[in-house]
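Asker: Sequence first, predicted model second:
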Amino acid sequence: MVEDVIASEDDERTGWVVPELAVAYAVDPEHVVEVAAVVALVRPSDDVNPPLKRNRLFVLGSVGCIIILVIVIALSIYRSNGKSQTIPPGRIGAIYRKLRYISGPAVYNETSPQGKSAHWIAYEDKRELQATDSQLVQRYVLALLYISTNGNEWTNCRRNESSATCTYICYQDSEPKTCNASRYLSDAHECQWMGSYCLREEGEIRELFLCKSN
């Protein structure tokens with residue numbers, strides 16, 4: 001936590017004094033949240049030794065403000081990190097670190113399309129790619145395309161655990177025809193997924209054709 005202090009100022013017209021203004025911030029590696037700013041106006045008293053009752057009220061009020069401030073800070077930090085998941089070291093950690101360069105910290109948010117795609121690559125994909133595999137980013141991007149466009153609602157070639165292959169309408173020489181393909185998020189290489197065109201059977205995707213898939 002960091003704290004900024006703004007010097008006090010006197011108002012000559014009213015005789016009121018604005019004491020030092022404390023502004024508290026909750027500091028997170030990726031978020032800086034301004035929590036609260038409390039300003040108190042106190043009229044200077046001619047009484048050198050103010051009554052004990054007034055001192056008690058001041059102390060109780062100060063303690064109450066501190067407690068509220070601590071609660072707000074805790075809630076702010078919890079909300080900023082609440083959806084993040086714990087990533088184990090080794091293969092999975094290396095995959096997440098690499099995918100972070102593609103999609104940023106969203107890969108750690110398990111409810112985001114990026115987080116769901118990274119989770120599928122790291123935990124569910126039976127090809128079990130390593131972070132050093134050249135196809136990792138390509139496969140992740142296609143998984144992200146599928147998940148972010150509600151692929152489970154696609155008309156053709158959506159994910160199906162009981163059937164790895166599918167048919168869809170493709171075009172050759174501008175003429176429609178029925179083509180065979182592997183379903184999205186299946187165990188097959190992504191070059192075999194619906195609409196993917198690669199220079200080699202398991203190479204880099206050069207074209208993507210997803211007409212009437214949704």
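Answerer: Thanks, I have it. What you see is a predicted model, and the numbers here were worked out from it, not measured in a lab.
Asker: can we go C-alpha only for contacts and neighbour counts from here?
Answerer: OK.
Asker: burial count for R127?
Answerer: 12 (other C-alpha atoms under 10 Å).
Asker: and the protein, what are its domains?
Answerer: The chain breaks down into these domains under automatic domain parsing: 2-81, 85-148, 157-214.
Asker: Worst mean pLDDT among these?
Answerer: Mean pLDDT values for the domains of the chain show the minimum at domain 2-81, a mean of 50.
Asker: Please identify the helix or strand for Y168.
Answerer: Under DSSP states H and E, the secondary-structure element containing Y168 is strand 165-172.
Asker: List the strands paired with that strand, with their directions.
Answerer: Here strand 165-172 has these sheet partners by DSSP bridges: strand 175-182 (antiparallel).
Asker: in the strand it pairs with, what counts as buried?
Answerer: The neighbour-count criterion (16 or more other C-alpha atoms under 10 Å) identifies N180, A181, S182 as the buried residues of strand 175-182.
Asker: Of those residues, which is the nearest to I67?
Answerer: When those are compared for distance to I67 (C-alpha to C-alpha), S182 wins out at 58.3 Å.
Asker: Tell me which residues touch the closest one, please.
Answerer: Contacts were defined as C-alpha atoms under 8 Å, 6 or more residues apart in numbering; by that measure S182 touches C157, A164, T165, C166, A188, Q192, W193, M194.
Asker: Helices of the protein, residue ranges please.
Answerer: According to DSSP state H, the chain carries its helices in the segments 52-81, 91-103, 113-119, 136-148.
Asker: what about P105, neighbour count?
Answerer: Neighbourhood size, P105 [other C-alpha under 10 Å]: 16.
Asker: likewise L129?
Answerer: The burial count for L129: 17, using other C-alpha under 10 Å.
Asker: Hmm, R139 and it touching each other?
Answerer: No. In this structure L129 lies outside contact range of R139 using C-alpha atoms under 8 Å: 9.5 Å.
Asker: what is in contact with those two at once?
Answerer: Overlap between the contact sets of L129 and R139, as judged by C-alpha under 8 Å, 6+ apart, is given by I121.
Asker: What residues sit buried inside the strand holding Y168?
Answerer: Within strand 165-172, judged by 16+ other C-alpha under 10 Å, the buried ones are T165, C166, Y168, I169, C170.
Asker: Surely the third one touches N180?
Answerer: Put plainly, it is Y168. Yes. The pair Y168 / N180 is scored as a contact, 6.7 Å apart, by C-alpha under 8 Å.
Asker: any common contacting residues for these two?
Answerer: Contacts common to Y168 and N180, judged by C-alpha under 8 Å, 6+ apart, are M194.
Asker: Around S163, count how many other residues there are.
Answerer: Neighbours around S163, by other C-alpha under 10 Å: 11.
Asker: Done for today, thanks.
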